[in-house]
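Q: no sequence for this one, just the structure:
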């Protein structure tokens, strides 16, 4: 493991008019780490994810990916996105394409992989999650959990340096959440570097190496799950996690 972060956020600020969503966010994600981004709705988690993937431009601060300042206005955005896999709340699968075509689309069109190489890699990943038999199926023939797992495979296909998971279970029926989280646990064990925004507190406690608590656009806690979720000295932090324990 190197000492250089895969992702380094330094003083990230983002506003929409008078709404200051991010007010100076700073933290690092090291190689092979899983970092859980936690916080109440409206704390800025999804905005931060979009800034990292350059879907939104920051107002101030710097974002570094593997030592490259991707917040530089002159940066090649396509080259940056090629290093980052992203899975959002919604599956965003193309309804007119089979599972295999959905998974390999970016590899073929953006990364210019040969079709046979992309297909072989896709089938390996689909087989690993028990969905090789669904390669010729269309999204409307899959459950929500299966669609989200396909979206994760699509993001993993080109072996990105960083995987962003933005509330990937929030649109799922509770019965399907477990199968998606099991897949995240598997890719964690394979050494993938992950930043995940989630409301699944028990999973974050179990799977994350570090936890970042974002409240009102600021990082209020950063550390191990035990330090932040169990042993925080901040009353506001203890209240936040005690609420989730009551409804868990």
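A: Looks like it came in fine. Predicted, not measured: the structure shown is a model, and the values here were computed from it.
Q: rest of the way, CA atoms for contacts and neighbours
A: Fine.
Q: in stretch 28-41, what counts as buried?
A: 28-39 (16 or more other C-alpha atoms under 10 Å).
Q: kindly reformat these as a markdown table containing secondary structure and pLDDT.
A: A markdown table is the format used below for the buried residues of stretch 28-41 (DSSP: H, G, I helix; E, B strand; the rest coil; pLDDT from 0 to 100):
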| residue | secondary structure | pLDDT |
| --- | --- | --- |
| 28 | strand | 97 |
| 29 | strand | 97 |
| 30 | coil | 96 |
| 31 | coil | 94 |
| 32 | coil | 93 |
| 33 | coil | 95 |
| 34 | strand | 94 |
| 35 | strand | 96 |
| 36 | strand | 96 |
| 37 | strand | 97 |
| 38 | strand | 96 |
| 39 | coil | 94 |
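Q: what's around the nearest residue to residue 98 once chain neighbours are set aside, how many residues?
A: Nearest non-adjacent residue to residue 98, counting by C-alpha to C-alpha, 6 or more residues apart in numbering: residue 138, 4.6 Å away. Neighbours of residue 138 under the rule other C-alpha atoms under 10 Å: 19.
Q: residues contacting residue 138?
A: 95-99 (C-alpha atoms under 8 Å, 6 or more residues apart in numbering).
Q: helix, strand, or coil at residue 27?
A: Secondary structure state of residue 27, per DSSP: H, G, I helix; E, B strand; the rest coil, is strand.
Q: what's the top helix by length along the chain in contact with?
A: If you go by DSSP state H, the chain has its longest helix at helix 174-189. Identification of contacts with helix 174-189 by C-alpha under 8 Å, 6+ apart yields 32, 34, 129, 144-145, 148-149, 169, 194, 203, 207.
Q: please redo it, this time with the cut-off set to 7 Å
A: For helix 174-189, contacts defined as C-alpha atoms under 7 Å, 6 or more residues apart in numbering pick out 34, 145, 149, 169, 207.
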